[in-house]
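Visitor: Sequence plus predicted model, see below.
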Amino acid sequence: MTNVRQRLGALLCALVLLAAAAPVTITGQLLAYQDGFVFFTTGDGFRLAPKVTILDEQTKQPAKRAPQARDYARAVFNDTGQVVEIDLSDKPYPVGPLPDAAQAFAVMASSPYPNPELEAPVHTTSNGVPETFTGKLVLVKFEVQVPPTTPITAQIYISTDVSGWNPQAILMDRIDALHFVVIRRMASGTILHYLYTRGSMQNVERGPNGLSVRPRELVVNDSDTNSTNSVVASWADSNGNGILSQPSVFPTPYNPAPFPNLPGGIHTPHP
Amino acid sequence: MHLRADRIDFYYDRYLIEASGHVRVQTSNGMVITGDTFSMDLRLNRFLVASHVHLRSRGGNLDGAAIADFVDFNRIYFVPVIEKPDRWTYENGDFLHPLKGRQMPGDVFYFPDVSASTVSLSARSALVQAKQFVRFSGVHAYFLHQGVPLPSYYVYFGTSQDLAQNSLSGANFDATWNATGNANSITALHVRYDQFNHGYLAFEQHLAGNEPNEYAVFSINPMTKNDKYWNLVTGEHIGSKFEITTFTQLYTNQLWLSEPTASAQTTYVTMTQAFHRSYLTAFLNQTNYNMLGPEDPASPNHPNSGTLTWTSYNNQVFKTPLYLEYFEGMGFNHDAYGLQDYGGYLYTTIWNQFLGFTASLPNVKIGDRNRAYSMYYLNASLSSQRQWMTVPHHVNTQNSTISLSRQFSRFVNSYLSYNIQNTSDLYLVGGYESSAPILPDGTPYTPFESFRGAATLRTATLGTTYSASPNLVTTVTFSHHDDFPAAYPGLFPLPPTNAIGQYTYSNYLGQPPWQLGGEIRARILPHLVLDVQRTYYFHFGSQIWSPSFVVQLSE
């Protein structure tokens, strides 16, 4: 038993020694490599050792070019906090805050002090989820109720500013006589302006007062699922008593008779 | 902001501009920045210049590693390298008093990951108007990975839809070159294809005012065919409660810009005045079938029409799930050459009055509300209208729909709907009389003998949508039409078609009695969705498929 304890103790000591000897390294994306410093996209600059080694991360051979902005790299520090080795990588490294050990090596002429603008409280959504915007892809469900006068054969689309207001940008699925739905993946933080259409700007949605409406706005947050329920009050080509025909044809039917295309052989109405 | 660089890449799907090599940025506040690389998120309205940055501003000349401008927040974050790196924040354009050492947002110098995106176009310079547009010069636009050289390209990314108003009718394919533009205009050339005209070009000029809902759009479509449609669409808000929109179309048949051999014109004007919980709409139309003068053999008709409609809001009836909208109005149709011959009298003007309502039950939940996948949703609506004419007849129109739907699981949704459309054209004296149209084989179609001006179209539909994921959606609809007069293939003439061969109205009498429709929508590229639809007809003579596949591309 004593033997085992001694061995475990020795192993622990060895690990501590190894850990103590391991150089500090950081990985990330380069912002600049200039003036004797290397900068990561965290904004931190680190002093280069006089004889810094630039390697290819995969081959461990000297890199064929100098580091430059947008390169992914690993930096190895010496005890004095200077970067002695930079390994350039073809594969992306995760980008994020630097470890505290490396943070201490960052060179900065002024003393840092807090920014009160960054201490604003995080808003919560209506269902209590912190409204953070990490850019991750989340599901966004759009559901809309259309006016009862909408033709039963109509297709409903979403037109958005993200798609340059293409009136047929997102095609929706009918789920019953009055409702359509579509689910899309969007990055959290997306601020989407959108309108519902029946396929063109001539039949875009209108407000309950018959006038044009400003685009709807959706801010996609980090919830696993964002959803929005909308009601379209009327369409731009509706005229109270139904849907107007598209004004794109000659001749246009002028007599408001309801059967403009009866087969040949049917007598027209007469007393 | 003016941007110049050896190479500027634009990622349309993410509204990102990434530039590298001899980057030079000049902003509207007089700041000039040079550096090795540049990144801008147009939607977030912030940009970054990094590596060997030189800043020239009212604060003097400075060198640094990176600078980021958060335009919306009036904050500029700078990493100067004087003897040592530092962190300076310029607030509200004050270049003389940088906040040295103040903490910066964590992602201020991050480059976006564009590994999953493809470059839409590359350019040598760009003019960026914040939250409005970007105009590139010296462009290569990439289509199927092939670069097409263009002198310029304009991209609008503002939040107003006014510049997106368009006057072009649909096409099967449309590639748009926004040649130039600014915050209030876009000049575009369209390369289009449709089954009727095949390949052709169209031109479109968009204009928008500074206030919402002020716009004008002019277009020539097709521009390279003899049959040309010259379109003008305008819209204007006057005050907060009045709006006017117009659509004017001039048709010409001419070789390029030679003297037309045929020409016609139509104008539609719609005016809307909002009131408290109701609105009034005036709709006017004037058409001239012959714009070439009396010697031209074309129809001399120049009809016009007008309608004035008062419409209520869709009001909830007390606190019930029932909603009610009602409307009434009057109108006229006029053609000096005659609209309808009835009883030996040729009516040149027909006045009409109408009255109607729409009642709806938009969302009635049936079942246990705590179990979403076992609940049913009931919807129903009834629209009814009567229209009286000065020709002694009136037209009753009723449209009623009821549907029951259920979400069976996260992936499967089904609905069952039943729709009845009744249209009856009732004359005080006489009217329609028994007759039998002749079928293509020369025999009379006797089921039509009982038609007296009243038609009933009944449609029962069972639809099921399976959404395996947002990227793959399958829909199957099975419909039964029970129509009077019953449909017979080829008996009813199809509606007239527009310039590109599309039917101008779809509700012609008679539908194939049994239809099975399928639709598959799949995401084929990160930002492109392909949708294919087709319908199979049962027991409808020799016509067993809908005329063609419906193929749509969306995002």
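Guide: Thanks, I have it. Numbering: from 1, shown residues only, chains lettered A, B, ... in the order given.
Visitor: domain parsing for the chain?
Guide: Picking chain A for this. Domain assignment for chain A by automatic domain parsing gives A:23-103, A:137-235.
Visitor: um, chain B though
Guide: Split by automatic domain parsing, chain B gives B:2-127, B:314-411+B:421-431.
Visitor: Please identify the most buried of those domains.
Guide: domain B:2-127 (a mean of 19; mean count of other CB atoms under 10 Å in any protein chain shown). For every residue, glycine as well, the C-beta is placed using N, CA and C.
Visitor: Now tell me which helix or strand of chain B has the poorest mean pLDDT.
Guide: strand B:550-554 (a mean of 75; mean pLDDT, DSSP states H and E).
Visitor: Can you name every helix or strand that it contacts?
Guide: strand A:170-171, strand B:528-538 (3 or more CB pairs under 8 Å, 6 or more residues apart in numbering or on different chains; DSSP states H and E).
Visitor: The first one near chain B anywhere?
Guide: Yes - Strand A:170-171 lies in contact with chain B when judged by CB under 8 Å from any CB of the partner chain; the contacting residues are A:170-171.
Visitor: So what touches the helix or strand following that strand?
Guide: As assigned by DSSP states H and E, the chain's next helix or strand after strand A:170-171 is strand A:173-174. Contacts to strand A:173-174, defined as CB atoms under 8 Å, 6 or more residues apart in numbering or on different chains, come from residues A:156, A:180-182, B:413, B:415, B:463, B:465, B:467, B:473, B:475.
Visitor: do you know how far B:Val49 is from B:Gly35?
Guide: Plainly put, B:Val49 is 4 Å away from B:Gly35 if you go by CB to CB, to the nearest Å.
Visitor: Overlap in contacts, these two.
Guide: With CB under 8 Å, 6+ apart, B:Val49 and B:Gly35 have common neighbours B:23, B:66-67.
Visitor: Switch those residues over to TSV; also include distance to chain A and pLDDT.
Guide: Listed next are the shared contacts of B:Val49 and B:Gly35 as TSV, based on distance: CB to the nearest CB, whole Å; pLDDT from 0 to 100:
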residue	distance to chain A	pLDDT
B:Val23	10	98
B:Ala66	5	97
B:Ile67	11	97
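Visitor: Let's have the residues you listed in TSV, adding secondary structure and distance to B:Gly306.
Guide: Below are the shared contacts of B:Val49 and B:Gly35 laid out as TSV (DSSP: H, G, I helix; E, B strand; the rest coil; distance: CB to CB, whole Å):
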residue	secondary structure	distance to B:Gly306
B:Val23	strand	60
B:Ala66	strand	64
B:Ile67	strand	61
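Visitor: I'd like to know which of these is nearest to A:Ser111.
Guide: The nearest member of the shared contacts of B:Val49 and B:Gly35 to A:Ser111, counting by CB to CB, is B:Ala66 at 20.4 Å.
Visitor: residues contacting the closest one?
Guide: Counted by CB under 8 Å, 6+ apart, B:Ala66 has contacts A:31-32, A:39, A:43, B:35, B:48-51, B:53, B:78-79, B:109.
Visitor: beta partners of B:Ser278?
Guide: B:Ser278 has these beta-bridge partners by DSSP bridges: B:Phe275, B:Ser312.
Visitor: I figured it hits B:Asn315, correct?
Guide: No - using CB atoms under 8 Å, B:Ser278 is not in contact with B:Asn315, being 9.6 Å away.
Visitor: so B:Arg523 touches B:Val473, yeah?
Guide: No - contact criterion CB under 8 Å: B:Arg523 and B:Val473 do not qualify, at 9.5 Å.
Visitor: Could you check which of those two is surrounded by more residues?
Guide: B:Val473 (22 against 18; other CB atoms under 10 Å in any protein chain shown).
Visitor: which stretch of helix or strand covers that one?
Guide: With DSSP H and E as the test, B:Val473 turns up in strand B:472-484.
Visitor: on that earlier part again, now the least confident helix or strand of chain B, how far from the chain's geometric center?
Guide: Its chain's C-alpha centre and that of strand B:550-554 lie 14 Å apart, by CA atoms, centre = their mean, to the nearest Å.
Visitor: quick one: that strand to strand B:528-538, angle?
Guide: With axes from the mean of the first three to the mean of the last three CA atoms, to 10 degrees defining the directions, strand B:550-554 sits at 160 degrees from strand B:528-538.
Visitor: residues in contact with strand B:550-554?
Guide: A:157, A:166, A:168-171, B:172, B:528-534.
Visitor: Just the CA atoms of that strand, as CSV, please.
Guide: Taking Å, rounded to 0.1, in the frame of the first residue of the first chain, the C-alpha atoms of strand B:550-554 are listed here in CSV:
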residue,chain,number,x,y,z
VAL,B,550,-44.3,24.2,-61.5
VAL,B,551,-40.7,24.9,-60.6
GLN,B,552,-39.8,27.7,-58.3
LEU,B,553,-36.5,28.8,-56.8
SER,B,554,-36.6,30.6,-53.5
